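**Student:** got a predicted structure here, sequence first:
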Amino acid sequence: MQYLDGRLIMSPTDLTGFLECEHLTQLELAAARGGLERPEREDPELEILARRGREHEARHLDRLRTDDRRVVEFAYPDGTLGGLEEAHARTVAAMREGADVIYQATFFDGRWRCHADFLLRVDRPSALGRYSYEVADTKLARKAKASAVLQCCVYSEQLAAVQGVEPEYIRLILGDRTEEVLRYKDYAAYYRSVKRRFEETIFSPQSPLADVDSPSPLLGGQGGGISAITTYPDPVDHCDICRWIDVCKVRRRQDDHLCLVAGMRRDQTRLLQAVGITTVAELGASPIGQPVAGIGDPALERLRQQARLQVTQRQTDNPTYEVLAPLGARLGFEALPPPSPADLFFDIEGDPFVGDGGLEYLFGVLEMVDGAPRYHDFWGHDPDAEKRAFEQLVDFLIERLDGSPDLHIYHYASYEPNVLKELSSTYATREQEVDRLLRGVVLVDLYRVVRQAVRVSLESYSLKELEAFYRGKRTTAIVDAAGSLVAYEDWLQSREQRRLDEIARYNEDDCLSTAQLRDWLEARRREAITQFGEIPRPQSEEGQPSDTLRDIDERTAAVVDQLLTGVPEENNDRSPEQRAAYLLGHSLNWHRREAKSEWWEYYRKCSLTDEQLIDERDSIGGLEFRGEVRQDRQSNIFRYYFDPNQEYKIGVGDRPHDPRREKEAGHVIALDPIAGWIEVSRGVKMEVPHPTSLIPESPIPTTDLRDALLRVGQWVADHGFDGPGPYRAARDLLFLRPPRISPALPDRDFRPSQEERQQDLPPPQGEGQGGGGSLLQPGERAKDAATRLAPALDASYLAIQGPPGSGKTTTGAEILLELVKRGKRVGITANSHKVIGHLLDTVMDRAPRDGQPLRAIQKADERERCASQEVRCVSSAGEVEDALDADDADIVAGTPWLYARGGMRDRLDVLVVDEAGQMALANLLAIAQTAKSVVLLGDPNQLRQPSHGIHPEGVDRSVLDHVIQEQPTMPPEYGLFLETTFRLHPALSSFISEVFYDGKLEADPSCARQSLATSNGAGGVGLRFVPVDHAGNRTVSPEEADRLGQIFRSLRGLAWTDRDGATRPLRVEDILVVAPYNAQVRRLIETLPTGARVGTVDKFQGQEAPVVIYSMATSSIDDAPRGMDFLFSLNRLNVATSRAQGLVIIICSPELLKARCRTPDQMHLASALCRFVEVEAQPEAQ
C-alpha cells in the first residue's frame, strides 16, 4: 500500500493482509499517509523463505524455457505510475500477440497493481481470439494456502478484464514441484466479498479512513497517527510474521488485555468484556461465584484463578504455582506413572518447508545411564531418510521397552505422538509397534499433566516458560523452535556440520528439560499428597492385541507384501495395475487403521476432565446425579442432569462409557435435550460411583469385514486383476474400468423357477458399452438408462449419482424390481438400517400387486426394521442364509456386516448399495464377495463418509468418491448422473446446480409451478439471506432464534402451490428448520410452535418441505467449536438448502461472511455462502 502522485495504490499483498488482520490494514494505511513509521523487522526465518521462494520461481521458469514454448519475460517495473502503466501495456501486447508463457506479467487498473509470476496460454476462446490465459504462481509451501489463492484471484479478475472472459482455472506451482489446479469460480465469490469489504474499509464515505486520495491526516493529528486507528490489535496467527508485532504487543500490555491470561479463548474474552471485565487485573479481582453468561462455571473459575495468580506474580516479580485437587483416574497427577531408571524423554525437530508436506528431520531421545544423561539422535534429510530414521527410532523405543517393561516415554504436548501416528500410517511401516506404544499408555504427555495438576503464574504454559521453576536460562546457541528452523535451513544451503551440531544440542536440551520437568512434577505430586491425601498411579496396560487380531494382522501383512512388491512409492510412477494394487494393498488395513484411531480417540477422551468433555462434540460432560428413578428387573434406572447447550451424539439406545472407569456406564433409555437430563439403566451389580461424564462406546469389531477383504486381497495376489473369476466387480472398481455391459436381455417372468435361477446367462458378446464411451444412448434420460443397464451388468458395477430431488431412491427401487423381474437375486445395503429401510419400503410400495408376492428379508433389530410389514425381519445372519438356502428370498437387506460373512459368498446376483457416497471403498471391497455385480447409489456432494483414521492416498475415499475422482459430477463413461430434480424450484436449482454440480442439474418444468405467496416482505420463492448481529455465541444464538420465530409466524398461512398446481395454506409441518448444533435445535424447539420440524442436517437427509430455514447460530469463525470445516461444510449446506421446494432462508451473523480462511478448502467453503448472498442480492440471477 503506497501513494503515487497523490493516489493510493493497492496490491494483492494488502488484500491478504486485510484478510489476516484488519488492524494491520489500518496500520499500513496510517504508515502510507505518513502518520506512522513502518517498523523494520529482522527475521532470519522470513529472509530464508524469501530466498528459497525466488530460487523456486527461477527453477520453474527454466523448466518452461525448455518446453519449446514461446516465453516472453518482463523485468519488474519501477515504482512510478508511468512505470506501472507501461508494464501493463507491455503485458496486454504480449497477450494479443499470443505468447505461450508471459513471465512477470503486470496488471494495473489505476488502483490495483498486480504482478503475476506466469500467464499460461490455453485453448479457450476469448476476446483475444481462439485462446485465452490462466494465471500460474509459484509458492514455496508444499501445500496451497488461502493467501496464495486470494492473490491469484486478484490476478484472474484483472486478467478477465483484459481478455473478456474469466479464466477457468488458477494454477499453483508448489515447493515440491507439483501443480495444484483450482477452479477459479470455486473461490471467486469469497474473493469478491473480501475485496468489497477491504475497499469499503478504505474508500467508503462512512469509513473513518475514507480520505484516501492524498496522504492527508487521519481524523486529526499530523499524518494520522495511531490514535486515528479504530481497530484493536487482537492476537491472530499472522502476528508471528508481521512487522508490527512489537507495536501491538506493547499496546496489549499497556491495556492489560484479557488475551494475556493463559488459556483464554477469544469468545471468552468477548463475553467477559460484555459484562465489564476488560483487564487481567479486573478478572483476577472479580468475585468468586459471579456468573458470566456463555462461560461455564468451571471454565470461568479456572480463568479467574489463572488471572489472580498472574497478577500475584506481577506484584512479587516471582513466578509461583499452586497444586490442584485430584480430578480422577488418568487425570493430573494420576496420569504420572512411577519413575523408572529406564525412562526415556523424547522430542522431534521438523521443517514444514522441506519435502512433501514438511520433514521431521530429527528424532531425539534421552535416557539416564548410571545417573548421567545419554542422548540418541536419528536424522533424516529427505523423505526416504525420514522413513529410515522413523523406523530406527521406533525400533530403538521397542528394544528399550522389551528390556524394561516398566519404562515410559515422556514428551511435552501432542506433537510427538501425532507424528508417530502420521508417519506410521503414511509410510505404512511400524504400525503395530506404534500401536503398542499407544495401547500400552507408554507415552506420557507432561503438558496434560501440568494443565490438569498445577496452576502457574505464567502467561504461557510452554516448556520454555515453565523452565523458570526448575532450571536456569538456556546457554545453547539455539534457544527456541524458530531458531532451530533457521539453523536447519542454513544447513541446507551451507552443509556445515556445526549447524547440525547446534540443532542436536538444542534438541538434547529439550529432552533434558522434559526430564527435569518430570522430576519437578514428582515433587509437586508429593506436595499434593500432603495436601489432598493419597494419589494413585496409573495402571499399566497390556499393549499387545488379542490372538485373533494378531493372527489376522500377520496374514494381512503377508498379502500386503505380495500386492505391493515392485509398486513405486510415487503415484505418477505406477502403472494402472500398480495403482489398483496400491489401493487394494493399503485397503486391507483400512479397518485396523480406523479402529486404532477410534481407540486412540477413546483413550484421549478418557484423559480429559469433565470441563474439557463439555467441549467435545460427541460426549456429555459434567453429569450431575439426581437420584434413582425406578427399578426395572435386574437394573436400576438413574437420572443425571447436564448442560443441554453442549454438543453430544449420545442418544436413546446407546451404551456410552464412563471415562473414569473406562467401562460401560449403562443403557440410555430416555433423554430430554430441552431440560437437559438423561436416564441410564445400570445393572444392580455395576460399580459405583456414578459417572460424571459419558463418552461414546468403544469401537465395533470388524473382524468379519477384515476377513472378507483379506480373501479379495489373497485372490488378487495369487491371480492378478484381469480375467474371469470371483470379485470381478471389485477388481473393475479398483482398476476404474468402465462398467462392462452384456447385450440386451429378454424380458423374464416376475420370478424364475429354481431351474432357471441355476442357469447361467449366455456369455457376453464383447464389451458392450464398457469400452469407455458414455453409458447413455442418444436422447436417453439417466433414470431410464439405470433400469436398462443394471440387469445387463456383466460381473461389473454401475455408479449412479443422485442429486437432491432427482429420484435416487425411486430409481434404486425400480432397479431392484427390474432385477427381480429378470430373475436376479438381489441385496440392499448401506451404512445404517434407516437408509436400508427407506429403500426397502420404497421397493415394497412400488412392487406389483398381481402375481406372486415379492419376498424380502431384512436382518435388523425390531426397532430398526423397515416399516413394511410384508418384509420378514430376522435378528440373525444365519436366518438370512437359511432363507437363501431354501430359495425363499428375492431381496435381502442388511448392513455390510451381513454380507461380509463367509456364508454369504456368491449368494446374490446384484448388490445395491445406497448412500454409497458414505460407504468406504474398503467396505465395498469387503462385501463385493456376495454378488456378481454391484450398483452404487448416492451423492458424494451430500453427507460424506465418516472416517477417523489416517490412510494412504486414495484409500480414505468413499466408493463413490473413488469412481467420481474429485469431479463435481459423475463422468459419463463410468456411471450415470440423474440430471433432473423434481423437488427444487428453478430459482433454487440454479444456485445448487452452479455451486455443487457444475451447472449440470436442471429442474423439471413442473417445479416452476411451485410458488409461495408474499405478504409484508415474507414468502416468495428463491434464496433469502437474513443477517442477525450477535457476538460471543458458539452453538446457540437466542437472537437468531427470536428472528427465526418472527419469520416462521409470518410464513404460516401463506398460499403454497405445489408442482401439480394445487394450492393450500402453508402449515407448521411445511417449514423445515435446520441448525448445525443440538443446542440451537433445543432453543428453536422452545421458540417455535408445537409440531415444528426442527433438527440438525443429518436428521433431514432424504426429506423435503416447501420452505427451509437454516440458522447457523455461531457468531464468528473464532466462536465455532468444531471449526470452519464443520460449520461451512459444503455437504451440509447442500443438504440443508436442497430440502426446500420453493424457498430457502439462511439466518446468520454477518461476521461469518468475514471468515479468515487459512486453506483453499476453507475458501471454497466460505465462497459457497458468499455466493448464496450474492445471488440473493441479484433477483435476476434466481
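**Tutor:** Structure received.

**Student:** domain ranges for this protein?
**Tutor:** Listed by automatic domain parsing, the domain ranges of the chain are 41-183, 256-318, 332-532, 617-694, 986-1181.

**Student:** for the ones you listed, which one sits closest to Ser958?
**Tutor:** domain 986-1181 (11.4 Å; C-beta to C-beta). Using the backbone N, CA and C atoms, a C-beta is placed for each residue, glycine as well.

**Student:** need the phi and psi values for Val365.
**Tutor:** Per-residue torsions, Val365: phi -130, psi 130 (degrees, to the nearest 10).

**Student:** does it really touch His376, like I thought?
**Tutor:** Yes: between Val365 and His376 there is a contact at 4.7 Å, judged by C-beta atoms under 8 Å.

**Student:** of the two, which one has the most company?
**Tutor:** Val365 (21 against 16; other C-beta atoms under 10 Å).

**Student:** which ones are touching the more buried one?
**Tutor:** Contacts for Val365 (C-beta atoms under 8 Å, 6 or more residues apart in numbering) come out as Leu344, Phe345, Phe346, Tyr375, His376, Asp377, Phe378, Leu393, Phe396, Leu397, Ile409, Cys511.

**Student:** could you redo the last one with a cut-off of 10 Å?
**Tutor:** Counting by C-beta atoms under 10 Å, 6 or more residues apart in numbering, Val365 touches 344-347, 374-378, 393, 396-397, 400, 409, 507-508, 511.

**Student:** now, those that are in strands?
**Tutor:** Leu344, Phe345, Phe346, Asp347, Arg374, Tyr375, His376, Asp377, Phe378, Ile409 (DSSP state E).

**Student:** whichever of the contacts of Val365 end up buried, select them in ChimeraX.
**Tutor:** Buried residues among the contacts of Val365 (16 or more other C-beta atoms under 10 Å), as a ChimeraX selection:
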select :344,345,346,347,375,376,377,378,393,396,397,400,409,507,508,511
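
**Student:** for the stretch 901-1050 of the chain, which spans come out with low pLDDT?
**Tutor:** For the stretch 901-1050 of the chain, not a single residue meets the criterion pLDDT under 70.

**Student:** now Phe107. Nearest residue, chain neighbours left out?
**Tutor:** Nearest residue to Phe107 in three dimensions, chain neighbours excluded: Gln158, at 3.7 Å (C-beta to C-beta, 6 or more residues apart in numbering).

**Student:** name the helix or strand for that neighbour, please.
**Tutor:** Secondary structure assigned from DSSP states H and E places Gln158 in helix 146-163.

**Student:** could you give me the buried positions within that helix?
**Tutor:** For helix 146-163, by 16+ other C-beta under 10 Å, it's 146-160, 162-163.

**Student:** also stretch 366-382?
**Tutor:** Buried-residue list, stretch 366-382, by 16+ other C-beta under 10 Å: Leu366, Glu367, Met368, Tyr375, His376, Asp377, Phe378, Trp379, Gly380, His381.

**Student:** next, count neighbours for the residue nearest to Lys387 when sequence neighbours are not counted.
**Tutor:** Ranked by C-beta to C-beta, 6+ apart and with sequence neighbours excluded, the top spatial neighbour of Lys387 is Tyr427, at 4.9 Å. Number of residues near Tyr427 (other C-beta under 10 Å) recorded here: 18.

**Student:** ok, Ala867 next?
**Tutor:** Count around Ala867 with other C-beta under 10 Å applied: 11.

**Student:** what of Ser575?
**Tutor:** 10.

**Student:** ok, Pro940 - contacts?
**Tutor:** Pro940 sits in contact with 801, 916-918, 957-964, 966-970, 1131, where contact means C-beta under 10 Å, 6+ apart.
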